[in-house]
Each structure stands twice: as structure tokens, then as C-alpha cells.
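Engineer: Need a 3D model of the sequence below.
(one chain, ligands or ions: 2)
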Amino acid sequence: MPPGGPDDDEFEELRAEESNAMVRLFGEYGRGQRARFAVGGLASVFSTLMELVPAFLLGVAIDSFLTADRPFRLPFVPDGWLPTAPVEQFVFLIALLAGSHVLGAALGWLNSWAWNGFAQHFQHEMRVDAYDAMQRRELSFFDDKQTGEVMSILNNDVNQLEGFLTNSLNQGIGIVFRVGGMGLAMLLINWRLGIVPTVIIPALGYASYVFVNRIHPKYQEVRSSVGKLNSQLENNLGGIEVVKSYTTERFETDRVEESSREYLDAQWDAITTRIAFWPTLRLVTAAGYTATFLVGGYWVMVNRGLIADPLPFFNGPLTAGTLVIFLSYSRRFVYPMRQFGQIINDYQYAEAAGERVVGLLDTPSGVTDRPDAVELDAVEGRVEYDDVGFAYDTDDGEEQVLDGVSFDVEPGEMVGLVGPTGAGKTTLMKLLLRLYDVDEGRVRIDGRDVRDVTLRSLRQSVGYVSQEPYLFYGTVRENIAYGIPDADDEDIEAAARVAGAHEFVADLKDGYDTKVGERGVKLSGGQRQRVSIARAVLKDPDILVLDEATSHVDNETEAVIQNSLDDLIEDRTAFAIAHRLSTVRHADTILVMDDGELVEQGSHDDLLAEDGLYATLWRVQVGEIDALPQEFLDRAAGHSVQPGDLD
Ligand SMILES: Nc1ncnc2c1ncn2[C@@H]1O[C@H](COP(=O)(O)OP(=O)(O)O)[C@@H](O)[C@H]1O
Ligand SMILES: [Mg+2]
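Structural biologist: Ligands and ions are numbered 1, 2, ... in the order given. Predicted coordinates for the structure are as follows:
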């Protein structure tokens, strides 16, 4: 089974429009590797040609020394250079034989060296470029793909190309020259006899064509069942805790068995087709060999006067030595031709993989700098949302998430952003960093549309603490100083103190040098949040966005963080999304979002006086009323909000 291959076609749109992805990749990455390619290719050609020499010398030896049918002569060697005494001729022949093997081996080494270098460098540059193109893609690119799928381009598809470049392409060149060289040599030596074995070439070509057409859909089936099985296994491992606590082991084993069975069936179907192909090729080549033996043998017998009244075709000489050369060459059609079907097959996989890589390389990011983008500098921190509308692209069309949102924030203001889960708070803030671009209206910072400034300067001015803090595998120190490699220890510690992280970090085994993240120490949700607040504090941005940044932190710690943050954000614009209304109670302005719309706006006291959604949420949280009014719950049931979300 060839590795890689087309996956479930989630990536259809990533397949390049390019009619020939391999040609495109060769143009791009083969160019720098021209020297290696040329050396490798030429070495392959000449080492293949060296393989033609031994059988030829054997034929000459038979005719000159055993049957004495022909005088001792060699092509490409002037007669004057040849020794005349039979013993010397024989030694000369043996020397040529040995020389051809030595030269063939040396050329074989040169071929491997240059060719592997070609394939490795090609692949390395392509992988780095593909990664770079991938991470520049807009965030929505990653929304509708599983991490595993994007990884499969960078791993499977790139490696698939490596396999093809290192082995199949090299073998392909070798085969073309071996088969072509032998065919040509036979036609030159005796074209009439040469026709007999060469007619199998089209026959083999046809057999390979039929095979490829049959096997291709079967391999696709195999690939897609591999993908299914893998995602099943990955899912189950990730959810092992749930599996155990709900004692669904049996159920999950059954599901895995079902996926594994599908894989087995698909694979078996492909195997039965594949194993029928080799005997077919063998029979065709054997027919070519047998026919050559028959025709050539008959001819030699005619020449020796053993057959009376021969057909006119057999006019002219044919020696036993020549027949030996023919038989040796036509037999060697078999092996390369067998490989040929596989190479055609590999090429198809490589092409499919190449299309995905080219798709990744060539599709521009949906969110990029405009050509005339300017640097955003000396940020005062005025933020304006002007009739902003936004929808996510989902499988079932667009989902309107924000509608006609307008508000202004003065420099240095602290803004609280509240509302039920799913109201669009996070989305609203992502538009400020251009993690997504608005569909309608505009977002301005200091009067400038965020789409008119460079992404780099924009994102450097805005510190964003996401709702789902992510720590990289590395030390606490590296995680806090992420993106600021030259930060010194004092600054890092100061940032950690502001974020309320210093105490627990100091208690870790290695303090700031403790490894955290995927393979490191597991921090609690609240601890991760504090490390990621410290990261934003250290960045010292002009505008700070905290998206439920303290939601997993207990009330006392939150109060401590709040206190130290207050000093920090005193003279910069800050947004704080909060679930707990007490968190934003003292904000200059509170924006209340509901179902994609900005429904209320004002200070805590104003909003309580207004007696709207905010006032109701507040009363629920302080325990004045037990639950939200029915009218609100009914409305919430209409979208994804659950009453429990509004605690
Ligand atoms: N990446 C996404 N793709 C599609 N829909 C999304 C995505 N992120 C959020 N949504 C949807 O957008 C709505 C608003 O989400 P969000 O901005 O996260 O709300 P909030 O932060 O107020 O809880 C929700 O209905 C959510 O399901
Ligand atoms: Mg949110």
C-alpha cells in the first residue's frame, strides 16, 4: 500500500487549479537543485547503459571464440586498438567486462548520492514554504479543518513526494533508459529479430494502464478508511476519561472494530487486484521471451543449414552469439516492466499529494496587508466600531453572528463586555485584531480602519488574552516571554506578579524554568490563564483585550489580579469580557451584547437604573432572583444559549 494519497475530500478546495502540480513544484523547487538533478539523472543513464555491456560481451565471446562465426570486433572501439592474438583478445574482453562493472558501481553510487540530495533538499524547502504559507492563512481556514488534516499535508503529502522523488522518479528514468537502450540495441543489431521482443512494450503499457485505472479508486478507498480509522483512534484517546467514566469501552471497541473492518475490506479489495497484475506482466514478458527464442532459434538453425526451404523473413545471418544477446536483453525487459506499473501508480499518488501542497502554497490568505498598508504607531487607543456586521462561514451557509454593532471608546477607557454565551463577545474582539475581517461596517483605531494598517503593527499594538489560553511546550519563562525573546528576568517576574502568577510559579519545582504545556507540568485552567495574562502584560500593548481571562480563577485571586491590572491599564484602553458581572462592575463603560447585537451600554449604575438585560443578569448573579424571567429563557432557547450559561 502506498503511503499518503488523497484523503476524504475535505480538502477539495485546496487542490490546486494547476493542471499539473508536479510540474509546478519542479519549476519552483527543482530549479535550485538543477546540478544535483542533472548529475543524478546522467549517472542513472550511464550506469544503466553499463548494464547492457556484460551480455553483449558474452555474445561476442561466443561468436569469436566458441563458434568462430564472426571476427573479433566491438562497436565504438576502432579495430586498430584491438589485440590480434586470441588470448590477448580474450583478456581484453575480460578487462572490459570487469571495467564495466566497476564503472557501473561507481556511477550507481554517484546516482544515489546526487539523487537523494536532490530529493531531500527539494522536500525540505517545500515543507518549510508550505508551513509558512499555512500559518499565514486566515483563522477561518483553521476553523473548518481538523488539526490532523492540516498536519497531513505537511507530513503525509510532503513525505509522499519524498518517496516519489527519491525512488520512483529515479527508477523511472532508469527503466526508460534500460528498456529503451536494450530495445534500441536489439534493433540496431538485427532489426527484424529486434521487433519480436519490442512488441511487448505496448502490450505491457496497456496492461499497466488497465491496472492503474482499476487500482486507483481502490487505493482511494483504502486511504479514506485509513483516515477514518485514525480519526476514530485519535478521538477515543483524547476522550479516554469520558470513555472510562461512562464505561463505554465495549461500545468504543465495537466502533473501532467496525472502522478496522472497513479498512481490511478496502485493503483486501486492492490487494486482490494488485496481486493479479504481477503474474499478468510476467506472462506477457515470458511470451516476448519465448517468441524471441522461437524465432531466433529457428533463424540460427536456418543459418546452420538445418532447415530446408526457410521463410523469406529468415534471409541474412544470425549467429548464436547474437541470439544470446537477444535472449539476455529480452529477459531483462521483465523486471523493469514490472516496476513500471508501480511507478505509474506512485506518480498518481505523488500528483495528488502535490496538488494539496500546491493548493496550500498558492491560495492567498483571506486576511492580509493591503498593498498600501501603513504602520500603526503612537497609538492613543481610541477604538470605534461603526455598524459592524459579521458572519462565520459554516457548513450550512453563513451564520450571522454580529449585526449593526456601533460604539466608541475614548483613549484610556476601560470597557466591560458582557452578555450570554454565544452573544458574539469573543467574535467582536477578534475583529479588532483582524483575526477575522468584518463583513459590514468598519473597525477603527485612532480613526484608522484596521484593514488599512499592517497586520504586524496592529497585532503588536493590541494585547489579547484569549478565552482558551494556550501554553507551548517549554518553560514558564519562555511562555511568558513568548514573542519577546530579549525580555529580562526582572520584567518577566514583574509581569507575572501583575497577573497573579508569581506565587504559584515560585512554588513549582523549578520555578520559572519548569516545563509546561503538552508534555510538561499540567497547570490548572486558572494557572494557565494567569500565565497568559502575564504574557500580555509583558508585551506592554497600547490596547489590552482580556477575554474571560480570569474565569477559572477564584474570586479572591481575581480581586488581586484586578487590583494590579487597574494600575497597569490606567492610561491605556482595555476591554474585559466577563462572565461574572462583578469583574467589570467598575468599568467606565459596559457594553451588553445579546444575540449579535449591542443591546445596552453605560456604566453599572446607569444600566441598573435602565432595568434591562444587564439589570436582570445582575440580579440573578447577586441572588436577588432565582432565575431569569421566562421570556428571556424562551428567547435564549431559540439559539445555542442554555439557561445554565447565564449563572
Ligand atoms: N469559528 C467559528 N465558526 C463558526 N461559528 C462560530 C465560531 N466561533 C464562534 N461561532 C459562533 O458565533 C457565535 C458567537 O460566538 P462568540 O463570539 O464566541 O460568543 P461569546 O464570546 O459571546 O460567547 C456563537 O453562536 C458561536 O457558535
Ligand atoms: Mg467568548
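Engineer: Going by C-alpha atoms from here, please, whenever you check contacts or count neighbours.
Structural biologist: Will do.
Engineer: centre of the chain versus stretch 512-531, how much separation?
Structural biologist: A distance of 29 Å separates the centroid of the chain from that of stretch 512-531, by C-alpha atoms, centre = their mean, to the nearest Å.
Engineer: and it, which residues are buried?
Structural biologist: Residues 512, 514-517, 521, 526-531 are the ones in stretch 512-531 that count as buried (16 or more other C-alpha atoms under 10 Å).
Engineer: What's the separation between residue 243 and ligand 1?
Structural biologist: Look at residue 243 and ligand 1: by C-alpha to the nearest ligand atom, to the nearest Å, they are 26 Å apart.
Engineer: List the contacts of the residue nearest the centre of the chain.
Structural biologist: By C-alpha atoms, centre = their mean, the mean C-alpha position of the chain lies nearest to residue 153, the distance being 1.6 Å. The contact partners of residue 153, by C-alpha atoms under 8 Å, 6 or more residues apart in numbering, come to 353, 356-357.
Engineer: And the strands in the stretch 51-200 of the chain, which stretches?
Structural biologist: In the stretch 51-200 of the chain, no strands are found when defined by DSSP state E, counting those that start in this stretch.
Engineer: And the residue of the stretch 201-350 of the chain that's closest to ligand 1?
Structural biologist: residue 235 (20.0 Å; C-alpha to the nearest ligand atom).
Engineer: And the pLDDT at that residue?
Structural biologist: pLDDT for residue 235: 77.
Engineer: Now do the buried residues in the helix or strand hosting residue 226.
Structural biologist: If you go by DSSP states H and E, residue 226 is part of helix 200-238. Going by neighbour count (16+ other C-alpha under 10 Å), the buried part of helix 200-238 is 200-201, 204, 207-208, 211-212, 215, 218-230, 232-233, 236.
Engineer: Likewise for stretch 555-572?
Structural biologist: 557-559, 561-562, 565, 569, 571-572.
Engineer: I'd assumed residue 422 was in a strand, is it?
Structural biologist: No - under DSSP: H, G, I helix; E, B strand; the rest coil, residue 422 falls outside any strand and is assigned coil.
Engineer: quick one: it and residue 579 touch, right?
Structural biologist: No - Residue 422 is beyond contact range of residue 579, at 11.7 Å (criterion: C-alpha atoms under 8 Å).
Engineer: more crowded one of those two?
Structural biologist: Taking neighbours as other C-alpha atoms under 10 Å, residue 422 and residue 579 compare with residue 579 leading, 22 against 19.
Engineer: That one belongs to a helix?
Structural biologist: No - applying three-state DSSP, one finds residue 579 to be coil, outside a helix.
Engineer: Hmm, residue 549 and it touching each other?
Structural biologist: No - counting by C-alpha under 8 Å, residue 579 stays clear of residue 549, with 9.9 Å between them.
Engineer: Pull up the per-residue confidence for the nearest residue to residue 410 once chain neighbours are set aside.
Structural biologist: Nearest residue to residue 410, sequence neighbours excluded (C-alpha to C-alpha, 6 or more residues apart in numbering): residue 382, at 5.0 Å. pLDDT recorded at residue 382 is 94.
Engineer: Report the contact partners of residue 382.
Structural biologist: Residue 382 touches 408-412, 444-447, 573, counting by C-alpha under 8 Å, 6+ apart.
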